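Trainee: coords please:
(one chain, ligands or ions: 1)
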Amino acid sequence: MKIGIDIDGVLADFITPFLAYYNVWHGTGYSYTDITNYELWSVFGDNKEQINSKIEEYFNDADALAIRPINGSQEIIQELNERNGRSSIITSRPLIVKEKTLEWLFHNFQNAIGKVYFTEELNGDYNGKSRKSFICRKEGIEVMIEDLPTTAIDCSGTCRQVLLYDHPWNRNWKFPKNVSRVKSWNEINSLLNGNKK
Ligand SMILES: [Mg+2]
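Mentor: The predicted structure is shown next:
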């Protein structure tokens, strides 16, 4: 079974350190539960360009290794590797943070992960570049694990199953039947074990 895994919101808790960074810079007090829309600019009242450049700035300035892996992801990724082979990583992060991202992945998951794809569709902004669903089709990914609602819907047309990692920004959406909401890496592990071919 070929598995594709998103980074931010699935493997990496990006939002917590990013909000801390944003709050210091802007004198605001946003917390995780305030982020009820994946389009951060609409939460913050910034425009899209402002927030995208803030995210790029954060990746450039901050200690990338300070971003923590999501609870349970490290152990389960190791298990998945032993049971199922290496999973592909498919991220919408921009290429300018490629080196930092690869360093972070290796630091936290060592050699338990396979190919890493950067689609550069930051914040779901396809921008004429490759979508995650294109990568899924090309690579024959059967199960994609994702947190962005629009990307989950996009990949549901290509993958047999999409596991949507639950966050405040992906609730209040309607998803196709092959999109299942998951709340932890343990739950992902059980579902994938049940799916085993
Ligand atoms: Mg994500």
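
Trainee: The helix or strand harbouring F18: which residues count as buried?
Mentor: According to DSSP states H and E, F18 maps onto helix 15-26. Within helix 15-26, the residues scored as buried using 16 or more other CB atoms under 10 Å are I15, P17, F18, L19, Y21, Y22. Using the backbone N, CA and C atoms, a C-beta is placed for each residue, glycine as well.

Trainee: For P149, see how far away the first one is.
Mentor: The one in question is I15. According to CB to CB, to the nearest Å, I15 stands 15 Å off from P149.

Trainee: residues contacting R137?
Mentor: Contact analysis of R137 by CB atoms under 8 Å, 6 or more residues apart in numbering lists T158.

Trainee: What's the mean pLDDT across the strand or helix carrying it?
Mentor: For R137, the host element (DSSP H and E) is helix 132-139. Summarised as a single mean, pLDDT over helix 132-139 is 94.

Trainee: Likewise for stretch 163-182?
Mentor: 97.

Trainee: Then stretch 144-155?
Mentor: On average, stretch 144-155 scores 96.

Trainee: what does that stretch contact?
Mentor: Taking CB under 8 Å, 6+ apart as the rule, stretch 144-155 contacts 3-6, 8-10, 38, 90, 92, 121, 124, 131-133, 136, 141, 159, 161-165, 167, 169-170, 173, 175-176, 179, 182, 188.

Trainee: so, in contact with the ion or not, that stretch?
Mentor: Yes: judged by CB under 5 Å from the ion, stretch 144-155 and the ion are in contact via D147.

Trainee: Which residues of this structure lie near the ion?
Mentor: D6, D8, G9, D147.

Trainee: nearest residue to the last one other than its sequence neighbours?
Mentor: Using CB to CB, 6 or more residues apart in numbering and skipping residues adjacent in sequence, the residue nearest D147 is G9, 3.4 Å away.

Trainee: how much space between N52 and the ion?
Mentor: 15 Å (CB to the ion, to the nearest Å).

Trainee: Give me the nearest residue to W41, chain neighbours excluded.
Mentor: I51 is the one closest to W41 (CB to CB, 6+ apart), at 4.2 Å.

Trainee: what about stretch 165-174, start to end distance?
Mentor: 14 Å (CA to CA, to the nearest Å).
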